[in-house]
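Participant: the following block contains a protein sequence and its predicted model.
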Amino acid sequence: MRQELLSLPKGLAEEVSRNLVMVARLIDEEPEQAYAYSRIALRLASRVAAVREAAGFAAYATQKYSEALAEFRAAKRMTGSVELWPVMADCERGLGRPERALAMAGEPEVQKLDKAGQVEMRLVAAGARRDMGQLDAAIVTLQSPELASNSVQPWTARLRYAYADALLAAGREDEAREWFAKTVEADKDGAMDASDRLAELDGVEFVDALGGDEPDEIDEDDEDDAQDAAEVAAAERASDQAEYYDEDDEEYEPLERSEADADIDVTDEIVVVEDEDEDEDDAQARDKA
């Protein structure tokens, strides 16, 4: 990424970099805000592949799958890399086109992926099978040397979890319990809820030790921040969508403006409201003079 940003003027490169850092920092916890920052970076440097990729992941995190797919395609076209192939296929699933995702799983690009990418593609293909109601086929798709291996790799927990979940959906509870337990063993960071799923299968109920039934207080500032971020994103979509999409892309799919976007007029003037108390004080000061 740093090498790509070096192609930009220094001041512009620094501004784009700051926005990309914010995207990376917020994408897991505050995806809408990450999306807003990605839009700014995209407006500033739409010809940088790293920016297009970051914008794609930010859109993906907010379930804007059509937009994410367009960005991933642009990044792939710029770099020639196939590493985004699995997430592109998952965007097809998100758009309700599992058959396209399944077709992508059989393309030559999959053979060019590294081991992690191939496992990710297998997970997407299994998900597409489930989307199509083909549970048994999904289970078979996940059965692989990577699943059978006792070594723990970065993808092991996710692969075992997907397999356990598919088994449970197929009514094979005993096998599902076994694989949820194996997931717990591989999930060193506790990123997945396999232990909760396992406890549920075993009929274990958790009781709140504090006995508090009152709902958590809602931080109004957090709500305001989220609303502001959503408005920024909508305004960015309304104002510069045509600026960063490559319309010469054969697969270019312009996005329709949503009703939320239509309500935002980026040309609205800012109205400054003067403080009445301040005006009265000024008047009294002039009278004394």
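Facilitator: Received the coordinates, thanks. Numbers count the residues shown, from 1 in each chain.
Participant: buried stuff in stretch 152-167?
Facilitator: 155-167 (16 or more other Cβ atoms under 10 Å). Placement of C-beta: from N, CA and C, glycine included.
Participant: mind listing residues that contact that stretch?
Facilitator: Stretch 152-167 has contacts (Cβ atoms under 8 Å, 6 or more residues apart in numbering) with 115-116, 119-120, 122-123, 126-127, 130, 135, 138-139, 142-144, 146-147, 149, 173, 175-180, 182-183, 185-188, 191-192, 194, 197.
Participant: from these, which land in helices?
Facilitator: 115-116, 119-120, 122-123, 126-127, 130, 135, 138-139, 142, 146-147, 173, 175-180, 182-183, 185-186, 194, 197 (DSSP state H).
Participant: returning to that earlier point: okay, and which of the buried residues of stretch 152-167 map to helices?
Facilitator: 156-167.
Participant: format the residues you listed as a markdown table; extra columns: distance to E32 and pLDDT.
Facilitator: Listed next are these as a markdown table, based on distance: Cβ to Cβ, whole Å; pLDDT from 0 to 100:
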| residue | distance to E32 | pLDDT |
| --- | --- | --- |
| T156 | 31 | 96 |
| A157 | 27 | 95 |
| R158 | 25 | 96 |
| L159 | 30 | 97 |
| R160 | 31 | 97 |
| Y161 | 27 | 97 |
| A162 | 27 | 97 |
| Y163 | 32 | 97 |
| A164 | 31 | 97 |
| D165 | 27 | 97 |
| A166 | 31 | 97 |
| L167 | 35 | 97 |
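Participant: re the thing from before, which PyMOL command selects the buried ones in the ones in helices among the contacts of stretch 152-167?
Facilitator: Those of the ones in helices among the contacts of stretch 152-167 that count as buried under 16+ other Cβ under 10 Å are selected in PyMOL with:
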select buried, resi 119+120+122+123+126+127+130+135+138+139+142+146+147+175+176+177+179+180+182+183+186+194+197
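Participant: neighbours of S17, just the number please.
Facilitator: Neighbour count for S17, taken as other Cβ atoms under 10 Å: 17.
Participant: just the element for it, please.
Facilitator: helix 10-26 (DSSP states H and E).
Participant: any idea of the mean pLDDT for stretch 58-67?
Facilitator: The average pLDDT for stretch 58-67 rounds to 98.
Participant: low pLDDT regions in the stretch 101-250 of the chain?
Facilitator: 205-250 (pLDDT under 70).
Participant: again, 80 this time
Facilitator: Counting by pLDDT under 80, the stretch 101-250 of the chain contains low-confidence residues at 204-250.
Participant: contacts for stretch 100-114?
Facilitator: Here stretch 100-114 has contacts from 82-83, 85-86, 88-90, 92-93, 117-118, 120-122, 124-125, 127-129, 132, using Cβ under 8 Å, 6+ apart.
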